[in-house]
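*Asks:* with the input below, show me the fold.
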Amino acid sequence: MKYTKLPNTNIEVSKICLGSMTWGQQNTEAEGHEQIDYALDKGVNFIDTAEMYSVPARPETQGSTEKVIGTWLKKTGRREDVVIASKVAGPGDMVSHIRKDLGFHKAAIEDAIDKSLKRLQTDYIDLYQLHWPERNANFFGKRGYEHEADEQWQDNFREILESLKYFIDKGKIRHIGLSNETPFGLMRFLEESKNDLPRVVTVQNPYNLLNRKDEIGLTEIYHRENVGLFPYSPLGMGTLSGKHLDGVKENTRLSLFPQYNRYSNEEAVKATREYKKLADKYNMSLTHLALAFVNQQPFVTSNIIGATSIEQLKENIESIEVVLSEEILEGINEIHNSIPNPAP
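*Replies:* Numbering: from 1, shown residues only. Next up, the predicted model:
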């Protein structure tokens, strides 16, 4: 395994992060525990979760993933061996079952943190992230920003940081991050942090061969402001494993939850076929090509991989040993330039 540090902290994390959103819905508690044990045995020390998980969000399964992690922590007593990241949900109809008020004001965040801590059976969360902005922004399958003239959101970046500082001072969380965020949002948080407030250390955004839109504006900020990208969906919900090229496979995320179709449009499939040809040319799996590409990006702190089976998890973790040559990277960029960001 390879390691780095959460930017501007002394917390060492593995370059591979164990994603968990299937635990409690697609995976049982026992399977979740098995995945954690396997990942730690391979050197992974970083686990990402969220209060809304498992996915898709449902009242019956809300918080189930954190509970799986919590029972593992209680069973093993290995809290100091893992770095745990979780997230507080923003406003949205799909998560209206979590709280009546889903805004990022102090009372809502306190409710979220305290319930997450209880489910996780721990006293603190290492990295606490805002799952998506309160304001209208281009996230979850949207390529561009569309302004809403009647938007009710009021600028509250400083207020949010003041609330998060309170919970850091209380020892309930250690560091903060964002998710599904834009250059505007990240820069506003960074500017406000100069007022003796907590500084964002990571942004968890989608990033993969089919969606490199962070490179348009955010990666410059990552480099210049020392903020780490914490990418999710590095395999495009399984699309970049190549398993769906001849039709969606049964009992997979895309077959069970067809609403997750942002990586299945005609151009995305076309690009995936080209990446598969490139992987075949160099005698590697498409999975390893896709994950190694993300692993090698200098602005990436830790690559969030997920799996529903140990076999998948094994291949995903092994990607850390794959190093793409300049020739392969040139081939990737040729495909990207001809079919740029086909998945929103």
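
*Asks:* strands of the stretch 151-300 of the chain, start to end?
*Replies:* Taking DSSP state E, counting those that start in this stretch, the strands of the stretch 151-300 of the chain run over residues 173-179, 200-204, 228-229.

*Asks:* tally up the residues packed near H147, please.
*Replies:* 6 (other Cβ atoms under 10 Å). Every residue, glycine included, has its C-beta placed from N, CA and C.

*Asks:* next one, pLDDT for the residue lying closest to it once chain neighbours are set aside please.
*Replies:* Taking Cβ to Cβ, 6 or more residues apart in numbering, and ignoring the residues beside it in sequence, H147 has N136 as its nearest neighbour in space, at 7.4 Å. At N136, the model reports a pLDDT of 90.

*Asks:* per-residue pLDDT of E225, please?
*Replies:* Reported pLDDT for E225: 98.

*Asks:* neighbours of it, how many?
*Replies:* 14.

*Asks:* if I pick it, what's in contact with it?
*Replies:* 186, 190 (Cβ atoms under 8 Å, 6 or more residues apart in numbering).

*Asks:* if we can go back for a sec, which one of the strands of the stretch 151-300 of the chain is the most hemmed in?
*Replies:* strand 200-204 (a mean of 26; mean count of other Cβ atoms under 10 Å).

*Asks:* note down every partner strand of that one and its orientation.
*Replies:* Counting by DSSP bridges, the strands paired with strand 200-204 are strand 173-179 (parallel), strand 228-229 (parallel).

*Asks:* pLDDT weak spots in the chain?
*Replies:* 247, 249-251, 253-260 (pLDDT under 70).

*Asks:* and the residue nearest the centre of it?
*Replies:* For the chain, the residue nearest the mean C-alpha position is Y232 (3.5 Å; Cα atoms, centre = their mean).

*Asks:* list the contacts for that residue?
*Replies:* Contacts of Y232 (Cβ under 8 Å, 6+ apart): 19, 48, 204-207, 304.

*Asks:* in the protein, which spans are helices?
*Replies:* Taking DSSP state H to define them, one finds helices in the chain at 29-41, 64-76, 106-120, 157-169, 183-192, 214-225, 253-256, 266-281, 286-295, 310-318, 326-338.

*Asks:* ok and the longest one relative to helix 286-295, angle-wise?
*Replies:* In other words, helix 266-281. Comparing the axes of helix 266-281 and helix 286-295 via axes from the mean of the first three to the mean of the last three Cα atoms, to 10 degrees yields an angle of 100 degrees.

*Asks:* so how far is helix 266-281 from its chain's centroid?
*Replies:* In this view, helix 266-281 has its centroid 24 Å away from the chain centroid, taken as Cα atoms, centre = their mean, to the nearest Å.

*Asks:* what does stretch 114-126 give?
*Replies:* That offset, for stretch 114-126, works out to 19 Å (Cα atoms, centre = their mean).

*Asks:* buried sites along that stretch?
*Replies:* 115-117, 119-122, 124-126 (16 or more other Cβ atoms under 10 Å).

*Asks:* ok, residues contacting that stretch?
*Replies:* Taking Cβ under 8 Å, 6+ apart as the rule, stretch 114-126 contacts 6, 11, 49, 51, 63, 66-67, 69-71, 73-74, 79, 83-86, 88, 113, 171-175.

*Asks:* using CSV, write out every CA atom in it.
*Replies:* The C-alpha coordinates for stretch 114-126 follow below in CSV (Å, rounded to 0.1, in the frame of the first residue of the first chain):
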residue,chain,number,x,y,z
ASP,A,114,-24.3,12.9,17.4
LYS,A,115,-26.3,10.3,15.6
SER,A,116,-23.4,9.3,13.4
LEU,A,117,-21.1,9.0,16.5
LYS,A,118,-23.7,6.8,18.1
ARG,A,119,-24.1,4.5,15.1
LEU,A,120,-20.3,4.4,14.6
GLN,A,121,-19.8,3.6,18.3
THR,A,122,-16.9,6.1,18.5
ASP,A,123,-16.2,9.4,20.2
TYR,A,124,-14.9,11.3,17.1
ILE,A,125,-14.9,11.4,13.3
ASP,A,126,-11.6,12.1,11.6
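
*Asks:* fine by me, thanks again.
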